[in-house]
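Participant: Prediction below, plus the sequence it came from.
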Number of protein chains: 2
Amino acid sequence: MAAIQQSLSTSISSSTSTFLGQNKLRFRNQNVSMPGKTSGIVRCVATPSTEKTSYKTQVSRNENLAKLQAGYLFPEIARRRSAHMLKHPDAQIISLGIGDTTEPIPEVITSAMAKRAHELSTLNGYSGYGAEQGEKQLRASIASTYYANVGLEEDEIFVSDGAKSDISRLQVLFGSNASMAVQDPSYPAYVDSSVIMGQTGQFQKDVEKYGNIAYMRCTPENGFFPDLSSVPRTDIIFFCSPNNPTGSAASREQLTKLVQFAKDNGSILVYDSAYAMYICDDSPKSIFEIPGAKEVAIEVSSFSKYAGFTGVRLGWTAIPKALLYSDGFPVAKDFNRIVCTCFNGASNIAQAGGLACLSPDGFKAMMDVVGNYKENTQIIMDTFNSLGFKVYGGKNAPYVWVHFPGRSSWEVFSEILEKTHVVTTPGSGFGPGGEGFVRVSAFGHRENVIEACRRFKELYK
Amino acid sequence: MAAIQQSLSTSISSSTSTFLGQNKLRFRNQNVSMPGKTSGIVRCVATPSTEKTSYKTQVSRNENLAKLQAGYLFPEIARRRSAHMLKHPDAQIISLGIGDTTEPIPEVITSAMAKRAHELSTLNGYSGYGAEQGEKQLRASIASTYYANVGLEEDEIFVSDGAKSDISRLQVLFGSNASMAVQDPSYPAYVDSSVIMGQTGQFQKDVEKYGNIAYMRCTPENGFFPDLSSVPRTDIIFFCSPNNPTGSAASREQLTKLVQFAKDNGSILVYDSAYAMYICDDSPKSIFEIPGAKEVAIEVSSFSKYAGFTGVRLGWTAIPKALLYSDGFPVAKDFNRIVCTCFNGASNIAQAGGLACLSPDGFKAMMDVVGNYKENTQIIMDTFNSLGFKVYGGKNAPYVWVHFPGRSSWEVFSEILEKTHVVTTPGSGFGPGGEGFVRVSAFGHRENVIEACRRFKELYK
């Protein structure tokens, strides 16, 4: 896409705004006749020019889209990776960049998906539209597996095609008047979807923040948990734990403070628990473990990082019945309407896979996959520790957050890519609070992780 | 969901707005401390009441969601069907209501999906995140199968999890300031997603229309093609052909007028071609068959009604590079950003199925499925014709649009359900222009269609 887009945009920039303004005036009237092509009019503007001027609609570009900066982080990394490959065609590139799973999906899970696919070619096994909210059995299974001890029920679970899609559907739910807080650094989809929905002001280059978003700074100094006393009230608070990118999991005490903060402000907490199964200490695995959270929180989660479903696409959002807007209207009821209007359910084959994930054998297999990535994480942590770096995260998450004090994240990203052919993720891509850090993902095959670490040791010895 | 929602909403309505207003004033201040529960305050309002009052957040409900009327059409039909089943537990209900496919997916297609699922459990066959826009091979295959003769290319195709999801993503793309025109009647997702995005005014009960949407009336009198001379300019024009629900396909001459109308107004045409493979005369199967359409149109389509993918979820949206906003910015470039930020690609297993659909064997199998439903359509048309009804559609679409002049659609829907146990769709559910019509879907098993028609003959003989 990048290449097309570049070629698409170049021929446009030379049109003068004067002429665009003129067109606008002429054609904004209703039913005014307009020549099939404006080329005759516009051609005289650019002199001399060999550019083919094009017809333009009279639809204004959505100004919120225009606010977005550069590319979405991960496609930008993919672009740089491709450029590196062109420059070094023989290099053995290792990707520890985007959090993309690499281990095969356990056979007990893929078999269930294959079986469902085959059944779809039989009269008895065929099914068409499913419930937009997900198949009843899967919703029940998610509720009993993850939320039995906190009392969430099947009808409070909305199955989705992944957390990223649901984050955007939540933004559509909240609408353009809602105000947001996010951890800084944080997963870019929260901020970018907020910008797209028109909740934010312009990007302020000096501070590298969008207007009208509260950035909650998370640093080694505050244990990656924001100083809530300095956070203004917002309608919505996005909070991811275990955190992407810092790898830090909030403690029970911290999350109790967070829930109380939301309650004190009457805010809704959108809690992203996509990495909860990586937790190995007593940090809560769900926000609903915190008393009172059902009245303030929504939880978004995913099978992507547990079962390798990044390409299969399956996740869920839990919205308790007890979560109410200021007028007492249940949030879940409006979200249900969004899901029914803007979505038609996750793929039935993926849902069969999800159900298999939550069977006893499937769950054990998922835990093995998670365990394998956790071993990778340890290898990466040990490597950077041995090189004298300050290293964060890793314990409860598949991400290692390495500090390069005083250096630019993109500069370190480029240095590592150039000298080791390893793709990482620059911390500043997650917000200004990520500057000076690089995120190293543990989602690689073991031999690649070991080889990457060998190269890191060579570079930074 | 419906049952929960009802119970969720009842306990709210008795709260007085005075008290809500008071809460609002008190807690809107930043960082103001608020008691854990407001029950002490609110309890005194309702006297006497046994209702348990609940904590409410101070987040205002999105006013656009509040504009939406009743339930989304198809869940509402499902609700009435369930109620009917409770009342008549022994009735043999036949659904010719929502356009839900019933024929198994051809084995050549499900095998490809099963194969892909199995491969995901192998080291070589595993893949994680795919391109958000869809796999290159599938995009190329869609372009060459459907758009080779109109010159659309692979990078102008965005693969999706279905047309409904993409319609909403397009609305997010256009934003809340865009103005809309829709056919009346039309598929409810266009209007409802427009309401959700804040593009419309309130619902006007007298005319059964939302403010700030141009409803383009499509009736037997105008051959189900709107009188464009009476349609005001809008930024966006949704147009579905072959049409859901009227079953009518616009001719080349009509679509040429439509493209010219869009061009005269500088509008963007969103053309829904989800039923194009049902066309059996020389009506265009793609809007891009019309000269100049690439400069004004987007096409949304789907595998749902061709291959029975309603549950598998796979569709696509074609956005030509030549489609530009008034400032010359390419629409496809912004849509690409939406897709990358708000979506993570269709399920890789579904995409393997899509690729199989477009193989020579798969395509032939899809045409057989389509042919089977077309035979159903003929049976339904013959039945209503023989009973003396005026019947529309059917020829180029799997929908038969039956006229019950002077009667209410919901009344006829109920009469048919009550007396024949057949679920249809009330025309007024698609907009005020559908009043007096009922849509009968041909997406049933042959024996069910024949049995439904036998019952229709008994009822209306």
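Facilitator: Alright, I've got the coordinates. Numbering: from 1, shown residues only, chains lettered A, B, ... in the order given.
Participant: contacts and neighbour counts: CA atoms only from here.
Facilitator: Fine.
Participant: Show me where chain A dips below the pLDDT cut-off.
Facilitator: A:1-53, A:71-72 (pLDDT under 70).
Participant: The longest helix seen in chain A - contacts with which helices or strands?
Facilitator: If you go by DSSP state H, chain A has its longest helix at helix A:360-386. Contacts defined by 3 or more CA pairs under 8 Å, 6 or more residues apart in numbering or on different chains; DSSP states H and E place helix A:360-386 against helix A:107-119, helix A:304-307, helix A:348-357, strand A:391-393, strand A:399-403, helix A:446-460.
Participant: quick one: it to helix A:348-357, angle?
Facilitator: 80 degrees (axes from the mean of the first three to the mean of the last three CA atoms, to 10 degrees).
Participant: so how far is helix A:360-386 off the chain centroid?
Facilitator: Centroid separation between helix A:360-386 and its chain, computed with CA atoms, centre = their mean, to the nearest Å, is 21 Å.
Participant: got it, and stretch A:64-80?
Facilitator: 13 Å.
Participant: so how far does that stretch reach from one end to the other?
Facilitator: 26 Å (CA to CA, to the nearest Å).
Participant: now what about that stretch, what contacts it?
Facilitator: A:2, A:97-98, A:188, A:192, A:195-198, A:202-203, A:425, A:429-430, B:173, B:175, B:334, B:337, B:340-341 (CA atoms under 8 Å, 6 or more residues apart in numbering or on different chains).
Participant: Flag every buried residue along that stretch.
Facilitator: By neighbour count on 16 or more other CA atoms under 10 Å in any protein chain shown, the buried set for stretch A:64-80 is A:64-65, A:67-68, A:72-75, A:77, A:79.
Participant: Need these in CSV (columns: secondary structure and distance to A:Arg252).
Facilitator: Output for the buried residues of stretch A:64-80, formatted as CSV (DSSP: H, G, I helix; E, B strand; the rest coil; distance: CA to CA, whole Å):
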residue, secondary structure, distance to A:Arg252
A:Asn64, helix, 37
A:Leu65, helix, 38
A:Lys67, helix, 37
A:Leu68, coil, 35
A:Tyr72, coil, 33
A:Leu73, helix, 31
A:Phe74, helix, 31
A:Pro75, helix, 35
A:Ile77, helix, 35
A:Arg79, helix, 40
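Participant: quick one: which of those is nearest to B:Lys257?
Facilitator: Proximity of those to B:Lys257 (CA to CA) peaks at A:Leu65, which lies at 31.3 Å.
Participant: first to last residue in stretch A:217-228, what's the distance?
Facilitator: Terminal-residue distance, stretch A:217-228 (CA to CA): 10 Å.
Participant: Centre of the chain to it, how far?
Facilitator: 21 Å.
Participant: Buried residues in that stretch, which are they?
Facilitator: Neighbour-count burial for stretch A:217-228 [16+ other CA under 10 Å]: A:217-219, A:224-226.
Participant: and those residues as JSON lines, adding secondary structure and distance to chain B?
Facilitator: Below are the buried residues of stretch A:217-228 laid out as JSON lines (DSSP: H, G, I helix; E, B strand; the rest coil; distance: CA to the nearest CA, whole Å):
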{"residue": "A:Arg217", "secondary structure": "strand", "distance to chain B": "18"}
{"residue": "A:Cys218", "secondary structure": "coil", "distance to chain B": "20"}
{"residue": "A:Thr219", "secondary structure": "coil", "distance to chain B": "22"}
{"residue": "A:Phe224", "secondary structure": "coil", "distance to chain B": "21"}
{"residue": "A:Phe225", "secondary structure": "coil", "distance to chain B": "18"}
{"residue": "A:Pro226", "secondary structure": "coil", "distance to chain B": "15"}
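Participant: Run a quick neighbour tally on A:Asn212.
Facilitator: Using other CA atoms under 10 Å in any protein chain shown, A:Asn212 has 17 other residues around it.
Participant: Chain B versus that one, what's the distance?
Facilitator: 14 Å (CA to the nearest CA, to the nearest Å).
Participant: Please apply the same query to A:Ser176.
Facilitator: Distance from A:Ser176 to chain B, by CA to the nearest CA: 8 Å.
Participant: who are the neighbours in contact with that residue?
Facilitator: A:197-199.
Participant: From A:Gly388, how far off is the residue nearest to A:Ile93 when sequence neighbours are not counted?
Facilitator: Excluding its sequence neighbours, the residue lying closest to A:Ile93 (CA to CA, 6 or more residues apart in numbering or on different chains) is A:His421, at 4.9 Å. In this view, A:His421 and A:Gly388 are 21 Å apart by CA to CA.
Participant: Mind checking which of the two has more residues around it?
Facilitator: A:His421 (21 against 11).
Participant: Grab the CA positions of stretch A:81-100 and hand them over as CSV.
Facilitator: The C-alpha coordinates for stretch A:81-100 follow below in CSV (Å, rounded to 0.1, in the frame of the first residue of the first chain):
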residue,chain,number,x,y,z
ARG,A,81,12.0,-3.7,7.6
SER,A,82,11.2,-4.0,3.8
ALA,A,83,13.6,-1.2,3.0
HIS,A,84,16.3,-2.9,5.1
MET,A,85,15.6,-6.2,3.2
LEU,A,86,16.1,-4.4,-0.1
LYS,A,87,19.4,-3.0,1.1
HIS,A,88,20.6,-6.2,2.6
PRO,A,89,19.0,-9.0,0.5
ASP,A,90,21.1,-11.7,2.1
ALA,A,91,20.6,-10.7,5.7
GLN,A,92,18.9,-13.2,8.0
ILE,A,93,16.3,-10.8,9.5
ILE,A,94,14.8,-11.8,12.8
SER,A,95,11.6,-10.1,13.9
LEU,A,96,11.2,-9.3,17.6
GLY,A,97,9.2,-6.2,16.6
ILE,A,98,5.4,-6.3,16.3
GLY,A,99,3.9,-8.7,18.8
ASP,A,100,3.3,-11.3,16.2
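Participant: Please parse chain A into its domains.
Facilitator: A:2-60, A:73-104+A:362-460, A:107-361 (automatic domain parsing).
Participant: distance between the last one and the chain's centre?
Facilitator: What it means is domain A:107-361. 10 Å.
Participant: Ok, the second one next?
Facilitator: Distance of domain A:73-104+A:362-460 from its chain centroid, counting by CA atoms, centre = their mean, is 17 Å.
Participant: Quick check: end-to-end length of it?
Facilitator: 26 Å.
Participant: quick revisit: make JSON lines from the domains of chain A and add distance to B:Lys257 to it.
Facilitator: Output for the domains of chain A, formatted as JSON lines (distance: least, CA to CA, whole Å):
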{"stretch": "domain A:2-60", "distance to B:Lys257": "12"}
{"stretch": "domain A:73-104+A:362-460", "distance to B:Lys257": "40"}
{"stretch": "domain A:107-361", "distance to B:Lys257": "30"}
